[in-house]
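Asks: Could you work out the structure for the sequence below:
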Amino acid sequence: MLKRSGLATIGLLFLFACNTVRVVPYKQLAALEGEQTVRFFYPSAGGRVEAYVVRPRGAGPFPLVILLHGHSLTGRGAEQVLATAQALASEICFASLAISLPGYGSTEVANGSIEDATQQVLKDALSIAKQNAWIDERRVMIYGVSRGATFAAAFLNEVKEISGAVLYAGAYDIERLYRETPSFWVRKLLSPNGDANPKLVSFLGEASRWRTPTLILHGEQDNVIPVNQSLLLRDQLKAAGIRHQLVLYPKHGHFLPRASVREQTIKFLKEFAPPACPSPNPS
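Replies: All right, here's what the predicted structure looks like:
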């Protein structure tokens, strides 16, 4: 009982912290000054999308990282990656845009294909971000976790202006994932009717046309999305001569050590854009 009560208290504190983030109209993002985190909603895909922007200290323009969260049984959206977004802003002064994907958080879109709606949501978010003078539109990276990594890979096939991608425990051949995952709930998500051979997509063929340097992170003991998904992507990028790095965690499953993931991510991002923090004032 004590343990359950403690977890409930932590959850309430987390929700309270997220709910205290100031909400601003998306058209006022350009006026943000100083280091801060704000929540906003923007129109897309026949509805409205929830997102968070983390603006670093200084004048900018700052490189931008778009963060896409994974699946949540409780429907949590961009809150899942908000701590990572804030770390990127405070440690290397990269602006961050965390988006609640369709079906999660407070995002509401029109009925229809989740894949099409998600693509539209991401394109509209990028367009809004690029309108802000404190964003460097020439240096835009994307960071996706699990389900978010899968949609990030699909986004790379649609948008050619991404400077770097970090893909954490994603799936890139969904048809093969359906056959190979030991997870019942993943199979249920992919095919609610339990079809023996559902029509599912693969992004591996398009990956050979990427021009985006990519960091791939995966746990070798992953029983949700098997590590073979990242190995297949690695092989495709290698064959196409696309710059990439694969970091495997032999003792970890679907959830990787947070400190190591953050370290690997920051190291990778700094290769394509130097930290944008303002220089300290001379003494």
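Asks: For the rest of this, base every contact and every neighbour count on C-alpha atoms.
Replies: Will do.
Asks: for the record, mean pLDDT for stretch 225-237?
Replies: Mean pLDDT, computed over stretch 225-237, is 97.
Asks: Output that stretch as PDB, restricted to C-alpha atoms.
Replies: Below are the C-alpha coordinates for stretch 225-237, written out as PDB (Å, rounded to 0.1, in the frame of the first residue of the first chain):
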ATOM      1  CA  ILE A 225      10.600  -4.200 -30.700                       C
ATOM      2  CA  PRO A 226      13.300  -6.800 -31.400                       C
ATOM      3  CA  VAL A 227      16.800  -5.400 -32.000                       C
ATOM      4  CA  ASN A 228      16.700  -6.900 -35.500                       C
ATOM      5  CA  GLN A 229      14.700  -3.900 -36.600                       C
ATOM      6  CA  SER A 230      17.700  -1.600 -35.900                       C
ATOM      7  CA  LEU A 231      20.100  -4.100 -37.400                       C
ATOM      8  CA  LEU A 232      18.100  -4.100 -40.600                       C
ATOM      9  CA  LEU A 233      18.100  -0.300 -40.700                       C
ATOM     10  CA  ARG A 234      21.800  -0.300 -40.000                       C
ATOM     11  CA  ASP A 235      22.400  -2.600 -43.000                       C
ATOM     12  CA  GLN A 236      20.300  -0.500 -45.300                       C
ATOM     13  CA  LEU A 237      22.100   2.700 -44.400                       C
END
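Asks: For this protein, which segments count as strands?
Replies: 22-23, 36-44, 47-55, 62-68, 95-99, 135-145, 164-168, 214-219, 244-249 (DSSP state E).
Asks: What lies in contact with stretch 185-197?
Replies: For stretch 185-197, contacts defined as C-alpha atoms under 8 Å, 6 or more residues apart in numbering pick out Tyr178, Thr181, Pro198, Val224.
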